[in-house]
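Trainee: Build me a structure from this.
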Amino acid sequence: DKTGILITNLGTPDAPDAKSLRKYLNQFLSDPRVIEIPKFLWQIILKGIILQIRPRKSAANYKKIWTDNGSPLLDISKKQIEGVKKVISLKYPNIEFALGMRYGNPSIESALKDLQNRQVRYIHHWALRWWSKQKTSKENVAPSSKNEDILEIKPLPINSSTSISPKNKHVVKSRASTFG
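Mentor: Residues are numbered from 1 along each chain as shown. Next up is the predicted model:
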C-alpha cells in the first residue's frame, strides 16, 4: 500500500482581484474559529458590509506582493514541499506528496483526491504553519477523506531536528515513525 504526505497551510486567494478575495475572505471569515460571534449575526455583518468593502482593499494590497509565480504563500509552500520531498525521498523514494490549503486552493479535499488517484492508502498530515494545524484544519481533513480507498490519516512525526516551522512542535507522532 502506498503512503502519502498531505501538507497543509492556511490558505490564499486564487488571484489578487476583488472577486477572488471575496471568495477567499468569505470562506476564511465564515469559519467559527476565526470569528467567534454568533453565526447569524456574523453572516449579516460579513455578507452585508465586509464582503462589500474589504475585497477591493485587500486586492490592492495583494497586488503589491503577488509574484510571477502567483501567491507568495502558495509559491513558498510548494518550495517547502520540494525541499521536504528531496530529504524524505532519499530514504523513502515512493512517498507521494500533496499540498492542501485550509482556505482557498488547492483545497484539502482536492489534495486528498489527488493522493487517492495516485493509489495512496495511508496518509500522514503535516501542517506547515501553526494555525493550519489547529482543530479547524484537522476537522477539514477528516470529512474530506471519507473514502474506503483511504485506510487512515495520521499526523506526520516531527522531531527536534525538523525545522519547517518552530511552532510545529505540537504535531504528534504517527504510527511507528515509518512512512510505509
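
Trainee: now the top strand by length along the chain, how far from the centre of its chain.
Mentor: Criterion DSSP state E: the longest strand present in the chain is strand 2-12. In terms of Cα atoms, centre = their mean, to the nearest Å, the centre of strand 2-12 is found 6 Å from the chain centre.

Trainee: now do stretch 1-17
Mentor: With Cα atoms, centre = their mean as the basis, stretch 1-17 stands 4 Å off its chain's centre.

Trainee: residues contacting the closest residue to Pro13 other than its chain neighbours?
Mentor: Leaving out its chain neighbours, the residue that sits closest to Pro13 by Cβ to Cβ, 6 or more residues apart in numbering is Tyr24, at 3.8 Å. Placement of C-beta: from N, CA and C, glycine included. Contacts for Tyr24 (Cβ atoms under 8 Å, 6 or more residues apart in numbering) come out as Gly11, Thr12, Pro13, Asp14, Tyr103, Gly104.

Trainee: Return the distance of the fifth one relative to Pro93.
Mentor: Between Tyr103 and Pro93 the computed distance is 32 Å (Cβ to Cβ, to the nearest Å).

Trainee: of these two, who's got more company?
Mentor: Between Tyr103 and Pro93, counted using other Cβ atoms under 10 Å, the more crowded position is Tyr103 (25 against 7).

Trainee: Excluding residues flanking it in the chain, which one is nearest the more buried one?
Mentor: In space, Tyr103 is closest to Gly11, 3.2 Å off (Cβ to Cβ, 6+ apart).
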